[in-house]
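3D model of this:
(chains A and B)
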Amino acid sequence: GAGVSQSPRYKVAKRGQDVALRCDPISGHVSLFWYQQALGQGPEFLTYFQNEAQLDKSGLPSDRFFAERPEGSVSTLKIQRTQQEDSAVYLCASSLKQGASLGYTFGSGTRLTVV
Amino acid sequence: AQRVTQPEKLLSVFKGAPVELKCNYSYSGSPELFWYVQYSRQRLQLLLRHISRESIKGFTADLNKGETSFHLKKPFAQEEDSAMYYCALSGTGRRALTFGSGTRLQVQP
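Numbers count the residues shown, from 1 in each chain, chains lettered A, B, ... in the order given. Here you go, the predicted structure:
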């Protein structure tokens, strides 16, 4: 596709429910990033993939968060047993090369509300 | 640790007035600095990078290592500049960006 596609755009989950958020990056983009953006804050790094390898997961806030990119293209961010503090916009970004030097292309995000 | 600070949550100016959006950072090595912009109902997008020393839509930003700042400037604001602006930093050997909390620029007619 022409850009980074994320689905769903909106997700309402009951506390304790598991959710899966999907990211379809630009074809051929090697790097893929997940960010969490709470209301009124800037995006905060969660995890980074280079192709199918998850090279950095230092930003994942707890072991309830899990991300994968098994074939080096589409990625899924899974949150188990959601809690209210997980409510945020989850942004996916991709980049043609390694590193941030060329800038990222961001998706529109998934707004997760945990009730 | 790396940190980006944008001290102003909101900056309101009149059309034609100069604009300066402040960004300060802390990082012990040689950072790469960026400005990202999010217009209403649009995605976050790259505005400019310090490494390319470019001017985009009339905006410029100079990296001042002595003051650890990367302020975004434009001499004459336009209404279409109204948006959310984020300063971001990438550290040596780290691929992820660290973002500031953002400044909303409001350009009034």
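
tell me the confidence at the most centrally placed residue in chain A?
Nearest to the centroid of the C-alpha atoms of chain A, with distances taken as C-alpha atoms, centre = their mean, sits A:Trp34, at 3.2 Å. Confidence at A:Trp34, expressed as pLDDT, is 97.

so what's it closest to, chain neighbours aside?
Excluding its sequence neighbours, the residue lying closest to A:Trp34 (C-beta to C-beta, 6 or more residues apart in numbering or on different chains) is A:Leu46, at 4.2 Å. Yep, even glycine has a C-beta here, placed from its N, CA and C like the rest.

helix/strand/coil for the one you found?
Classification of A:Leu46 into helix, strand or coil gives strand, according to DSSP: H, G, I helix; E, B strand; the rest coil.

what's around the residue nearest to B:Ser30 when sequence neighbours are not counted, how many residues?
Closest residue to B:Ser30 in three dimensions, ignoring its sequence neighbours and counting by C-beta to C-beta, 6+ apart: B:Thr92, at 6.1 Å. Other residues lying near B:Thr92 total 11 when counted by other C-beta atoms under 10 Å in any protein chain shown.

now for residue 65, how many residues are close by?
If you meant another chain, say so; for now it's chain A. A total of 18 residues lie near A:Phe65 under the criterion other C-beta under 10 Å.

try again with chain B
Neighbours of B:Lys65 using other C-beta under 10 Å come to 10.

neighbours of B:Asn24, how many?
When neighbours are defined as other C-beta under 10 Å, B:Asn24 has 17 of them.
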